[in-house]
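**Student:** missing the sequence, but the structure's below:
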């Protein structure tokens, strides 16, 4: 499957929002807000107002790499580098 973020292996599983948020070290609420606004790669499942969101680790990794190096992170890259 191709996405704007690159090629994703078809066998890669989706993870739920809580696990994705923990992986990115952010709150679930922040993760979902970013996904709903299109600022973070996510996959809405379901119809209507309440959707379940699922995520792929490879897409989140690529997002983190571009978020940190793009300079659009509001200075958070310095914070992240301090944890490496």
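**Tutor:** The structure has been received and is ready for your questions. Remember, it's a predicted structure, so these values are computed and weren't measured experimentally.

**Student:** any stretches of this structure with poor pLDDT?
**Tutor:** The model of the chain has pLDDT under 70 over residues 1-10, 68-84.

**Student:** which helices and strands sit right next to the lengthiest helix in it?
**Tutor:** Counting residues, the longest helix found in the chain (DSSP state H) is helix 57-70. In terms of contacts (3 or more C-beta pairs under 8 Å, 6 or more residues apart in numbering; DSSP states H and E), helix 57-70 is packed against helix 17-24, helix 76-81. All C-beta spots, glycine's among them, are computed from the backbone N, C-alpha and C.

**Student:** for it, buried residues please.
**Tutor:** 57-60, 62-64, 67-68 (16 or more other C-beta atoms under 10 Å).

**Student:** out of those residues, which is nearest to residue 38?
**Tutor:** Of all the buried residues of helix 57-70, residue 38 sits closest to residue 63, with 11.4 Å by C-beta to C-beta.

**Student:** separation between the closest one and residue 29?
**Tutor:** Plainly put, residue 63 is 18 Å away from residue 29 if you go by C-beta to C-beta, to the nearest Å.

**Student:** ditto for residue 52
**Tutor:** Distance from residue 52 to residue 29, by C-beta to C-beta: 15 Å.

**Student:** repeat that for residue 15.
**Tutor:** Counting by C-beta to C-beta, the gap from residue 15 to residue 29 is 17 Å.

**Student:** between these two, which has more neighbouring residues?
**Tutor:** Using other C-beta atoms under 10 Å, the more surrounded residue of residue 15 and residue 29 is residue 15, with 16 against 10.
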